[in-house]
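Enquirer: Next one to model:
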Amino acid sequence: MFTATLIAAGRLAPNIVADANDRLAAAGCVPTTLGWIDEGDAADLHFELAPADARTMLESAFEGVDVVVQPRDGRRRMLLIADMDSTMITVECIDELADYAGIKPQIAAITEAAMRGELDFEAALDARVALLKGLDAGVIDRCLAERVRTMPGAATLVRTMRGWGATAVLVSGGFTRFAGPVAAEIGFDRAIANVLEVDGGALTGTVARPIVGAATKKATLIDYRAELGLADTATLAVGDGANDLSMIESAGLGVAYRAKPIVAAAAMARIDHGDLTALLWAQGVPKKEWVK
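Expert: Numbers count the residues shown, from 1 in each chain. Predicted coordinates:
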């Protein structure tokens with residue numbers, strides 16, 4: 001059995017749900033039941049045959065509706081591994097630091113290329129950090145206070161999942177000085193990120209080794225899954241950039257969140273329209289059970 005979840009907070013009309021059910025039937029997916037998770041927000045359509053291109057078919061049919069197709073059983077995951085920049089928070093922290101240094105366009109262009117998978121992540125990180133050499137380290141705290149904002153739905157997602165016993169780990173190619181406070185604010189169990197090196201109150205232009213990149217993100221998912229004794233299917237990973245792709249492909253439910261094309265194309269699920277609470281509806285969780 002499989003489930004297609006349609007998500008469009010406040011905009012999911014009954015005719016869309018009925019039309020989606022008809023389209024599944026026409027594609028030979030053998031629908032069985034359908035029902036609201038939260039009326040007007042999210043609905044589940046259950047069907048019997050393997051999904052094939054069911055998600056693509058439904059995404060292309062309904063503008064502004066996020067669609068997640070997955071096996072029906074075991075939808076509530078027990079491990080969440082999440083990216084930080086542009087996923088759990090609304091900005092790329094290194095780009096914002098660059099703004100204080102007056103070189104944001106230069107660094108943001110490298111960030112964008114790296115997240116699209118056009119540049120090696122570690123080399124791109126070294127290049128960007130080198131451009132910040134000499135920046136007053138006090139700018140980090142100023143940036144955290146003035147620029148860093150959590151993504152809508154982030155805290156609700158993490159706290160609700162932890163409420164049913166799941167473990168949540170923030171793994172970032174960004175920096176510990178941001179990841180630690182962000183993880184604490186949202187409610188993660190742990191944060192893993194890179195260390196910006198400082199000397200004499202200024203950035204040295206270097207990052208401590210080893211660098212947290214794609215390999216670390218994937219390894220974190222695998223290691224925690226083994227430590228907790230979980231099945232592959234009990235894991236959820238979410239991110240937006242090319243360095244998130246390995247962990248997304250290794251998760252039971254790998255989600256591209258407002259992601260770069262290379263990630264959106266490869267992920268099992270994509271959220272392009274809703275906020276992070278869409279990942280609760282994708283797990284079949286109604287709003288009355290959310291921790292706000």
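Enquirer: who are the neighbours in contact with the closest residue to residue 212 other than its chain neighbours?
Expert: In space, residue 212 comes closest to residue 194 once its chain neighbours are excluded; the distance is 5.0 Å by Cβ to Cβ, 6 or more residues apart in numbering. Using the backbone N, CA and C atoms, a C-beta is placed for each residue, glycine as well. Contacts here follow Cβ atoms under 8 Å, 6 or more residues apart in numbering; on that basis residue 194 touches 125, 172, 173, 174, 175, 176, 207, 208, 211, 212.
Enquirer: quick one: residue 194 and residue 151, what's the gap?
Expert: Distance, residue 194 to residue 151, by Cβ to Cβ, to the nearest Å: 20 Å.
Enquirer: ok, now residue 99?
Expert: Separation of residue 99 from residue 151 (Cβ to Cβ): 19 Å.
Enquirer: so where does residue 32 fall, helix or strand?
Expert: According to DSSP states H and E, residue 32 maps onto strand 31-38.
Enquirer: Pull out the buried residues from that strand.
Expert: Neighbour-count burial for strand 31-38 flags 31, 34, 37, 38 (criterion: 16 or more other Cβ atoms under 10 Å).
Enquirer: Can you pull the phi and psi angles for residue 264?
Expert: In terms of degrees, to the nearest 10, the main-chain angles of residue 264 are phi -60, psi -40.
Enquirer: need the contact list for it.
Expert: 256, 270, 272.
Enquirer: what ranges do the strands span in this structure?
Expert: Counting by DSSP state E, the chain has strands at residues 2-7, 31-38, 42-47, 66-71, 79-82, 167-175, 190-194, 196-199, 202-207, 235-239, 253-257, 269-271.
Enquirer: Which of these sits closest to residue 138?
Expert: For the strands of the chain, the distance to residue 138 is smallest for strand 202-207, at 9.3 Å, taking Cβ to Cβ.
Enquirer: Could you list every helix and strand that the closest one packs against?
Expert: Contacts defined by 3 or more Cβ pairs under 8 Å, 6 or more residues apart in numbering; DSSP states H and E place strand 202-207 against helix 121-130, strand 196-199.
Enquirer: Show the residue spans covered by the helices in the stretch 1-150 of the chain.
Expert: 14-26, 54-61, 93-100, 104-115, 121-130, 138-146 (DSSP state H, counting those that start in this stretch).
Enquirer: ok now the third one, how far from the chain's centre?
Expert: Think helix 93-100. 21 Å (Cα atoms, centre = their mean, to the nearest Å).
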